[in-house]
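S.K.: build me a model from this:
(one chain, ligands or ions: 1)
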Amino acid sequence: MILPQLQELKEIEDKARTELAAVSDEEALESWRIAHLGRRSRLNIILRGLASLPIEERRQVGAAANRLRLELEEMLSQRQAQLREATVTAVVERGRLDVTLPGRPLAIGRLHPVTQALRDILAAFVSMGFQVFEGPEVEWDHYNFEAVRIPKDHPARDMWDTLWIDYVRNDEYPMLLRTHTSPMQIRVMEQMQPPVRIVSPGKCYRHEATDPTHEWMHTQVEGLAVDENISMADLKGTLYEFARRLFGRERRVRFRCDYFPFVEPGADMSIDCPLCDGQGCRACGNSGWIEILGAGMVHPEVLANVGYDAERYTGFAFGLGVERVAMLRHGIEDIRLFYANDLRFLEQF
Ligand code: DAH
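M.R.: Residues are numbered from 1 along each chain as shown. Purely as a prediction, here's the structure:
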C-alpha cells in the first residue's frame, strides 16, 4: 500500500509545476516560493512531521520530501534566471540603436556679421599689399590724442567722448579706452621705417548715448600708407578700389573735404548707395550717397612726432566703421542689433 504522505507529495509536485508554468514575473515567482517552499507550505509541514513517523515511513517519506524540496528549489532558481534574462532582453530591445535613423542636426555656429564684414575688409586691403597690425584697446592719452594732434583743451576732443580708466588715472599719464584706431598709426610708425602699408582693426569705445547709429562700442579699421611720393591720388585710387571690391565693381565714390586733426587735407569718402543704386532711399537719406570713411594726407607733425623725416615722406590715412559696412551690406537699420545677442537676428547671417 502506498503511503498517504507520498501521495500528497505527488500532488504537491503537480500543483507546483502547473502553477510555476503560469508565473510570468518576479513578484508572482515570490508568491509561488512562499506557497510551495515557505514555512507554512504543505511540503514544510510534511518535513516538520517526519520526526513523529515510525522509522520505516520516516525513511521513505523523508527521502521523497527532501528530493522534492531540492527539485522545487532547482525549479525556482531556473525560473528566476529565465525571468531576469527576459527583463534584460526587454531593456536592450527598447534601447536598441537604430543605425538607419537620420542623425540629429548639430547646431553649427557662424561668424558674427561684423566679423564677416571685417574679414572681407581686411582681405581687400591685404590683397593690395597692406599688412594687418592689432593694438591695445586700453590706450594712453598720448597715443589716442596727443600724438595725433588732439592736445588737451583742443575742441576736437569733443568729437570723442572718452571713457577714462580711473583705476590708473594719473594726470601725467592718463589712460583710456581708445576712442578710435588712429593711435595705431603712431604705434606702427614707432616700430617701423617707411615704406609703411598697414591696416589695423579693432574695437573702439565712446561714452555715448546709444541710438540706431551710435553704440558705445564699435569696430574700426585704420589704414596707413607712408612712403616717398605718396599723394592724394594714391589715397583716392586705393580707397576707390577698396569700395569696388567690397560693394561691387559698379560703385562710384565721392570725396569731400572734412576735418580731422591728424590729416591735412582731410576728406571723407562716400559711395553711391548700394541699396538703391544711388536713386535715393531711406538708408542714404534720399541723397543717393553714403559716407563710409574718413581719410586724408598724414599731417607732417604726426610724421615728425614719430621721428620720420616729413620733408622726405608723405602718407595717407583712413579710418572706417565696420558696423557701418555690415549694415549697408545687409540693410540693417539699427547698430544696436549687433550686440544685443539675439539669436533670431544673428542666425540670419
Ligand atoms: N579716427 C577717425 C574717427 O574715429 C576716423 C579717421 C578719419 C581716421 C580720418 C583716419 C583719417 O585715419 O585719416 O572718426
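
S.K.: pLDDT score assigned to the nearest residue to residue 174 once chain neighbours are set aside?
M.R.: Among residues not flanking residue 174 along the chain, residue 141 sits closest, at 4.1 Å (CB to CB, 6 or more residues apart in numbering). Every residue, glycine included, has its C-beta placed from N, CA and C. Note on residue 141: pLDDT of 92.

S.K.: measure residue 141 to residue 296 for me?
M.R.: 22 Å (CB to CB, to the nearest Å).

S.K.: these two - which one has more neighbours?
M.R.: When residue 141 and residue 296 are compared for neighbours, residue 296 comes out ahead with 24 against 21, by other CB atoms under 10 Å.

S.K.: residue 326 belongs to a helix?
M.R.: Yes - under DSSP: H, G, I helix; E, B strand; the rest coil, residue 326 sits within a helix.

S.K.: name the element the closest residue to it other than its chain neighbours belongs to?
M.R.: Leaving aside its chain neighbours, residue 326 sits nearest to residue 117 (4.0 Å; criterion: CB to CB, 6+ apart). Assessed by DSSP states H and E, residue 117 sits inside helix 113-126.

S.K.: buried sites along that helix?
M.R.: 113, 114, 116, 117, 118, 121, 122, 124, 125 (16 or more other CB atoms under 10 Å).

S.K.: helices of this structure, residue ranges please.
M.R.: Along the chain, counting by DSSP state H, helices occupy 4-22, 26-37, 42-49, 55-94, 113-126, 141-144, 183-191, 232-247, 300-305, 322-330, 343-346.

S.K.: quick one: the ones you listed as JSON lines, columns for distance to residue 263 too.
M.R.: Converted to JSON lines, the helices of the chain look like this (distance: least, CB to CB, whole Å):
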{"stretch": "helix 4-22", "distance to residue 263": "98"}
{"stretch": "helix 26-37", "distance to residue 263": "88"}
{"stretch": "helix 42-49", "distance to residue 263": "109"}
{"stretch": "helix 55-94", "distance to residue 263": "74"}
{"stretch": "helix 113-126", "distance to residue 263": "18"}
{"stretch": "helix 141-144", "distance to residue 263": "16"}
{"stretch": "helix 183-191", "distance to residue 263": "10"}
{"stretch": "helix 232-247", "distance to residue 263": "10"}
{"stretch": "helix 300-305", "distance to residue 263": "8"}
{"stretch": "helix 322-330", "distance to residue 263": "19"}
{"stretch": "helix 343-346", "distance to residue 263": "36"}
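
S.K.: so which of these comes closest to the ligand?
M.R.: Across these, the ligand has its closest neighbour in helix 183-191 (6.7 Å, CB to the nearest ligand atom).

S.K.: stretch 337-349 - what's its average pLDDT?
M.R.: Rounded mean pLDDT across stretch 337-349 is 94.

S.K.: now what about it, what contacts it?
M.R.: For stretch 337-349, contacts defined as CB atoms under 8 Å, 6 or more residues apart in numbering pick out 110, 111, 112, 113, 114, 116, 215, 217, 323, 326, 330, 332.

S.K.: now do that stretch: distance from first to last residue.
M.R.: When the termini of stretch 337-349 are compared using CA to CA, to the nearest Å, they are 13 Å apart.

S.K.: could you give me the buried positions within it?
M.R.: Across stretch 337-349, burial judged by 16+ other CB under 10 Å covers 337, 338, 346, 349.

S.K.: try stretch 27-42
M.R.: Result for stretch 27-42 [16+ other CB under 10 Å]: buried residues 29, 32, 33, 36, 37, 41.

S.K.: near the ligand at all, stretch 286-299?
M.R.: Yes - using CB under 6 Å from any ligand atom, stretch 286-299 reaches the ligand at 294, 295, 296.

S.K.: the ligand contacts on the stretch 51-200 of the chain?
M.R.: So the stretch 51-200 of the chain meets the ligand at 180, 182 (CB under 6 Å from any ligand atom).

S.K.: point me to the residue of the stretch 51-200 of the chain nearest the ligand.
M.R.: In the stretch 51-200 of the chain, the residue found nearest to the ligand is residue 180; the distance is 3.3 Å by CB to the nearest ligand atom.

S.K.: and the nearest residue to that residue once chain neighbours are set aside, how close does it get to residue 217?
M.R.: Nearest residue to residue 180, sequence neighbours excluded (CB to CB, 6+ apart): residue 204, at 5.3 Å. Using CB to CB, we find residue 204 at a distance of 7 Å from residue 217.

S.K.: higher neighbour count, the two?
M.R.: residue 204 (23 against 16).

S.K.: name the residues that touch stretch 68-77?
M.R.: 9, 12-13, 16-17, 20, 29, 32-33, 36-37, 43, 47.

S.K.: same deal with stretch 129-142?
M.R.: 122, 126, 165, 173-178, 181, 183-184, 187-188, 197-205, 223, 225.

S.K.: and the buried ones among those, selectable in PyMOL?
M.R.: One line in PyMOL is enough to select the buried members of the contacts of stretch 129-142, burial here meaning 16+ other CB under 10 Å:
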select buried, resi 122+165+174+175+176+177+178+181+183+184+187+188+197+198+199+200+201+202+204+205+223+225
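
S.K.: re the thing from before, same list (the contacts of stretch 68-77) but as CSV, adding distance to the ligand and pLDDT.
M.R.: Listed next are the contacts of stretch 68-77 as CSV, based on distance: CB to the nearest ligand atom, whole Å; pLDDT from 0 to 100:
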residue, distance to the ligand, pLDDT
9, 105, 93
12, 101, 94
13, 100, 94
16, 95, 95
17, 95, 94
20, 90, 94
29, 83, 95
32, 88, 95
33, 88, 95
36, 94, 95
37, 92, 95
43, 99, 93
47, 102, 92
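
S.K.: appreciated, that's everything.
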